[in-house]
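**Student:** Just a sequence and a predicted model for now, questions to come.
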Amino acid sequence: GENVEQHPSTLSVQEGDSAVIKCTYSDSASNYFPWYKQELGKGPQLIIDIRSNVGEKKDQRIAVTLNKTAKHFSLHITETQPEDSAVYFCAASIWNNDMRFGAGTRLTVKP
Amino acid sequence: NAGVTQTPKFQVLKTGQSMTLQCAQDMNHNSMYWYRQDPGMGLRLIYYSASEGTTDKGEVPNGYNVSRLNKREFSLRLESAAPSQTSVYFCASRVEIAKNIQYFGAGTRLSVL
């Protein structure tokens, strides 16, 4: 089955700096790669996703890149703000099948 | 529109006790899921239901049972709780049409002593 590895497990940045979280996946058939943000005491919430026919996707300060050949994808957050502090999860799935999640990255943005 | 609602939010059990975690969604989604979240391990799928009347095992189903009561409700039952089942449990439902987005509830924090 699919295996997703996520790095780093913790990340601390100064407000205004950029943050990058990286994930690798094992199943070359995976074609859907979402990123979820989990704030303290809440369930994960989708923030951005990308499909395998696209190499990059942006939404304001957030971007995701995908390298299908290397089987890795990354989340980029620019101009970080304290409210970006949360746990971020990557995931991978074959379309309409079940997702496998990475172990999570705890991002802390220092004011 | 409440989305995905889980009850209870917190629960403490003794080893061997049983309980049912409840989940309901009001988004008319066909698919529903139960995950557990443990430190350093992300979210692991316990069981899922692709549609009303069907259930399937996920990655870590041992020690759990599920019931898809109707399209809205999907419950998770621990028949004889063990300390290894101490975890945070999340229910999710999924949009199928053109998207694979899962919507999560706020979670149930379960401690088994």
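**Tutor:** Cool, the structure landed.
**Student:** Against chain B, how distant is residue A:27?
**Tutor:** 14 Å (CB to the nearest CB, to the nearest Å). Bear in mind the C-beta positions are built from the backbone N, C-alpha and C, glycine included.
**Student:** Quick check: pLDDT value at that residue.
**Tutor:** Listed pLDDT for residue A:27 reads 92.
**Student:** Can you get me a residue count around it?
**Tutor:** 15 (other CB atoms under 10 Å in any protein chain shown).
**Student:** How about it, nearest residue that isn't a chain neighbour?
**Tutor:** Excluding the flanking residues, the one nearest residue A:27 by CB to CB, 6 or more residues apart in numbering or on different chains is residue A:2, at 4.3 Å.
**Student:** what's the one you found sitting at in phi/psi?
**Tutor:** The phi/psi pair for residue A:2 (degrees, to the nearest 10) reads phi -70, psi 140.
**Student:** and for the strand or helix carrying residue A:35, what are the contacting residues?
**Tutor:** Per DSSP states H and E: residue A:35 is located in strand A:32-38. The contact list for strand A:32-38, computed with CB atoms under 8 Å, 6 or more residues apart in numbering or on different chains, reads A:23, A:25, A:44-52, A:64, A:66, A:73, A:75, A:86-95, A:99, A:101, A:104, B:100-102, B:104.
**Student:** who does whatever helix or strand comes next after it pair up with?
**Tutor:** Later in the chain than strand A:32-38, the nearest helix or strand by DSSP H and E is strand A:45-51. Its sheet considered, strand A:45-51 pairs with strand A:32-38 (antiparallel) by DSSP bridges.
**Student:** average pLDDT across the partner strand?
**Tutor:** If you average the pLDDT over strand A:32-38, you get 95.
**Student:** Show me how far that strand is from its chain's centre.
**Tutor:** Centroid separation between strand A:32-38 and its chain, computed with CA atoms, centre = their mean, to the nearest Å, is 5 Å.
**Student:** Kindly export that strand (C-alpha atoms) in PDB.
**Tutor:** This file holds the C-alpha atoms of strand A:32-38, laid out as PDB (Å, rounded to 0.1, in the frame of the first residue of the first chain):
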ATOM      1  CA  TYR A  32      -4.200  13.300  -5.600                       C
ATOM      2  CA  PHE A  33      -2.100  15.100  -3.000                       C
ATOM      3  CA  PRO A  34      -3.900  17.300  -0.400                       C
ATOM      4  CA  TRP A  35      -2.500  19.300   2.400                       C
ATOM      5  CA  TYR A  36      -4.500  19.700   5.700                       C
ATOM      6  CA  LYS A  37      -4.000  22.200   8.500                       C
ATOM      7  CA  GLN A  38      -4.900  21.200  12.000                       C
END
